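Novice: Quick check, what structure comes out for this input:
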Amino acid sequence: MQRFLASLALFLIAVLPIGPALAVPAPMSDADLLAKSDLVALVKVISVTCLSVSKDERTGEPLRNYSANVELIEVIKGDEPKGTDVNVTFHDLPKQIVGPWSVFYYPGEMVWTHLVKDGDAYTTTWWNGRGEVVHKAVITDLPTKPGETVAIPRVRTEQPSND
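Specialist: Now for the predicted structure:
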């Protein structure tokens, strides 16, 4: 009987999590991403600004909130016209969090993304809402202090007029 209890105790220790269980939520299907998004577009990230920095209550580490200014290159779904600029907000998460919960945007990259309206800006619909990268980022170091911005030079391609 004592051997059984010892074996049971070892089994329970092995299978029960120690501390809070952190699991990555399932990715959304392509159909769900499309249905739940207000804007689906190919975007070019022009700039990223650090909006604020706050300390995480549990870890004490600084967590930043960002706003990316993006140009809409192609629009698959949404009311925003091609060529328009919109802002996409995103934020840091504590390093101990498991999984790709937050989606980051970097100046110079061109990427397909699924977005939902959040006040005057947008946020990524779900952690897998950022799709295929068409062009890699030019800048991969994001600003660290509130008010700081990193940006690429703005070049717009103008369409020839039919005059």
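
Novice: what's across from the closest residue to Ile73 other than its chain neighbours in the sheet?
Specialist: Spatially, and ignoring its direct neighbours in sequence, Ile73 is nearest to Leu42 (4.4 Å; CB to CB, 6 or more residues apart in numbering). All C-beta atoms are positioned from the backbone trio N, CA, C, and that covers glycine. Assessed by DSSP bridges, Leu42 has beta-bridge partners Glu74, Trp112.

Novice: any idea of the pLDDT on Leu42?
Specialist: pLDDT recorded at Leu42 is 98.

Novice: Surely it touches Lys77?
Specialist: No: with contact defined as CB atoms under 8 Å, Leu42 does not reach Lys77; the gap is 11.8 Å.

Novice: Assign a three-state SS to Asp32, would you?
Specialist: Put simply, Asp32 is helix when judged by DSSP: H, G, I helix; E, B strand; the rest coil.

Novice: residue ranges with poor pLDDT in the protein?
Specialist: Where the chain drops to pLDDT under 70, the residues are 1-24, 98-100, 156-163.

Novice: now the residue nearest to the spatial centre of it: how far from Val134?
Specialist: Most central in the chain under CA atoms, centre = their mean is Val103, positioned 1.5 Å from the mean C-alpha point. The gap separating Val103 from Val134 is 16 Å, by CB to CB, to the nearest Å.

Novice: One more: Leu63?
Specialist: Here the criterion is CB to CB. By it, Leu63 lies 29 Å from Val134.

Novice: Same question for Gly83.
Specialist: Gly83 is 17 Å from Val134, by CB to CB.

Novice: swap in Asp38?
Specialist: 21 Å.

Novice: Do I have it right that Tyr66 meets Val53?
Specialist: No: taking CB under 8 Å as the definition, Tyr66 is not a contact partner of Val53, at 10.4 Å.

Novice: which of these two has more neighbours?
Specialist: A direct count of neighbours by other CB atoms under 10 Å for Tyr66 and Val53 places Tyr66 higher, at 21 against 13.

Novice: Give the bridge partners for that one, please.
Specialist: Judged by DSSP bridges, the bridge partners of Tyr66 are Cys50, Phe90.

Novice: Report the separation between it and Val40.
Specialist: For Tyr66, the distance to Val40 (CB to CB) stands at 21 Å.

Novice: Can you name the residues that contact Trp126?
Specialist: By CB atoms under 8 Å, 6 or more residues apart in numbering, the contact set of Trp126 is Pro27, Met28, Leu33, Lys36, His114.

Novice: for Glu80, what are its contacts?
Specialist: If a contact means CB under 8 Å, 6+ apart, then Glu80 has Leu39, Ala41, Leu72, Val86 as its contacts.
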